[in-house]
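>>> Provided below are the primary sequence and the corresponding predicted coordinates.
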2 protein chains.
Amino acid sequence: MNDTLTRDRLLASARKLFANKGFRGATVREITHAAGANLGAVTYHFGSKEALHTEVLERFFGDLASEAERVTTAPGTQAQRLRAVVRALFGFFVRAPEAPALVLHQVLAGAAPPESILSHMRRILAVVQSVVREGQARGEFRDVDPLLVGFSIISQSAWFAVAGRVMVPALMAGTDHAVVAERIEKHISDLVCRAIALEATSP
Amino acid sequence: MNDTLTRDRLLASARKLFANKGFRGATVREITHAAGANLGAVTYHFGSKEALHTEVLERFFGDLASEAERVTTAPGTQAQRLRAVVRALFGFFVRAPEAPALVLHQVLAGAAPPESILSHMRRILAVVQSVVREGQARGEFRDVDPLLVGFSIISQSAWFAVAGRVMVPALMAGTDHAVVAERIEKHISDLVCRAIALEATSP
């Protein structure tokens, strides 16, 4: 294998193992084994398990930002674009709750994520702001702060991804997680779009 | 001091010290000293520092639930009552971010809070559901799932309390936290009330 291929395979296996087992649970041995690399490959390519982990998170949020940018290029109303952004963010967080959870672990300890991750978060906020501003220019949305719309979408999506798996069964016994997730995603879109629509939308 | 008084003083000093320094940071020595009790008082009254901590969180969420129940008895529209609930929850979480943070620490580790805390969370959800249902009965609110309204209020408030202090300066340099908090609280109320109002409200 050449170096680039090994690096990519290590990132892919680390992404999967960190998401399933957490940073501490996933061992360097498992990561290198799954990537078909030797035990020293993590140190050689990334310097440390910590640095590999940061790069995995960077890729996570980088991919998410690119996806958010991509879905807003489809034709449609600005409300449809905003719903597409919610779907992308919510789906991403629910499929990989480890990403918001790991950021939250840092934040609970009082540390901001590294600049490389913050820059992707700013790209995500910029997508929401741009969709809302364009909707305001077209007379589709009312005069709300686009940044606050971004806050509402991200906070609800990330909270559900991180706390939902434990809190939904604890507070609402007998509900199927996938069904709840689908309803919550639709609810976040409905709530935000109805709240910022200039014309009252039909229920 | 009699036993009940010592117990209450220990709870008060523990609440303050856990909130400022976290569970690990606050020592039994500091807690007993601040309460004017002897070093063995935590073990005598609660059994362990862990049990004291659980009781502090129970009181936190119990007080919050009582406050949410109290503010909805004031006269006014259901929208005004819902805003009062947002103010109570948001203010509580922002003043004591340690409470949602400690629950989140448990949840991130895959454990649900103990039933004694869950029961207070159910009371809080019940308050929101009752305000929304009454608003629907009066023709003030549209047909939305009241539980989802509770989710929106709690997720946004708790997320801001837990992540805001680190993420707001990281993503928006130069903004004053207290000013942001006030804007976010108003935004959550506006968003929810506009989204569920049956008649379009003026901007």
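Right, received. Where do you want to start?

>>> make it CA atoms for all contacts and neighbour counts henceforth
OK.

>>> which parts of chain A sit against chain B?
A:101, A:104-105, A:107-108, A:110-112, A:118, A:122, A:142-143, A:148, A:152, A:155-156, A:159-160, A:162-163, A:166-167, A:170-171, A:184, A:187-188, A:190-196, A:199-200, A:203 (CA under 8 Å from any CA of the partner chain).

>>> Which among these count as buried?
Neighbour-count burial within those applies to A:101, A:104-105, A:107-108, A:112, A:118, A:142-143, A:148, A:152, A:155-156, A:159-160, A:162-163, A:166-167, A:170-171, A:184, A:187-188, A:190-196, A:200; the criterion is 16 or more other CA atoms under 10 Å in any protein chain shown.

>>> pull the helix or strand with minimum mean pLDDT from chain A.
helix A:98-108 (a mean of 82; mean pLDDT, DSSP states H and E).

>>> Show the subsequent helix or strand relative to that helix.
Using DSSP states H and E, the helix or strand that follows helix A:98-108 towards the C-terminus is helix A:115-137.

>>> Tell me the helix or strand right after that following helix.
Remark: after helix A:115-137, the chain's next helix or strand is helix A:146-171, criterion DSSP H and E.

>>> Quick check: which helices or strands does that next one pack against?
helix A:78-95, helix A:98-108, helix A:115-137, helix A:177-196, helix B:98-108, helix B:115-137, helix B:146-171, helix B:177-196 (3 or more CA pairs under 8 Å, 6 or more residues apart in numbering or on different chains; DSSP states H and E).

>>> Tabulate these in JSON lines, adding columns for distance to residue A:21.
Compiled in JSON lines, the helices and strands packed on helix A:146-171 are given as follows (distance: least, CA to CA, whole Å):
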{"stretch": "helix A:78-95", "distance to residue A:21": "14"}
{"stretch": "helix A:98-108", "distance to residue A:21": "9"}
{"stretch": "helix A:115-137", "distance to residue A:21": "21"}
{"stretch": "helix A:177-196", "distance to residue A:21": "20"}
{"stretch": "helix B:98-108", "distance to residue A:21": "12"}
{"stretch": "helix B:115-137", "distance to residue A:21": "27"}
{"stretch": "helix B:146-171", "distance to residue A:21": "23"}
{"stretch": "helix B:177-196", "distance to residue A:21": "34"}
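
>>> Out of the ones you listed, which is closest to residue B:80?
Proximity to residue B:80 (CA to CA) singles out helix B:177-196 among the helices and strands packed on helix A:146-171, at 9.0 Å.

>>> Contacts for the closest one, please.
A:148, A:152, A:190-196, B:79, B:82-83, B:86-87, B:90, B:94, B:141-144, B:149, B:152-153, B:156-157, B:165, B:168, B:200-201 (CA atoms under 8 Å, 6 or more residues apart in numbering or on different chains).

>>> now swap in stretch A:110-119 and tell me
By CA under 8 Å, 6+ apart, stretch A:110-119 touches A:57, A:58, A:61, A:62, A:103, A:106, A:107, B:166, B:167, B:170, B:171.

>>> Alpha carbons of that stretch, in CSV - could you do that?
Output in CSV follows, covering the C-alpha atoms of stretch A:110-119 (Å, rounded to 0.1, in the frame of the first residue of the first chain):
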residue,chain,number,x,y,z
GLY,A,110,-14.3,24.0,29.5
ALA,A,111,-12.3,23.7,26.2
ALA,A,112,-13.4,24.9,22.8
PRO,A,113,-12.8,22.6,19.9
PRO,A,114,-9.6,23.2,17.9
GLU,A,115,-9.8,25.9,15.2
SER,A,116,-9.7,23.3,12.4
ILE,A,117,-13.1,22.0,13.7
LEU,A,118,-14.5,25.5,14.5
SER,A,119,-13.9,26.5,10.9
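
>>> gap between residue A:14 and chain B?
Using CA to the nearest CA, to the nearest Å, residue A:14 is found at 20 Å from chain B.

>>> With residue A:7 instead?
Going from residue A:7 to chain B by CA to the nearest CA gives 29 Å.

>>> Kindly report the same for residue A:116.
The value you get for residue A:116 to chain B, if CA to the nearest CA is used, is 12 Å.

>>> Tell me how many other residues surround that residue.
Neighbours of residue A:116 under the rule other CA atoms under 10 Å in any protein chain shown: 15.

>>> Which residue is the nearest non-sequential neighbour of the residue of chain A found nearest chain B?
Here chain A gets closest to chain B at one residue, residue A:195, 4.2 Å apart by CA to the nearest CA. Excluding the flanking residues, the one nearest residue A:195 by CA to CA, 6 or more residues apart in numbering or on different chains is residue B:195, at 4.2 Å.

>>> which regions of chain A lie under the pLDDT threshold?
Filtered on pLDDT under 70, chain A yields the residue ranges A:1, A:200-203.

>>> repeat that for 50
Counting by pLDDT under 50, chain A has low-confidence residues at A:201-203.
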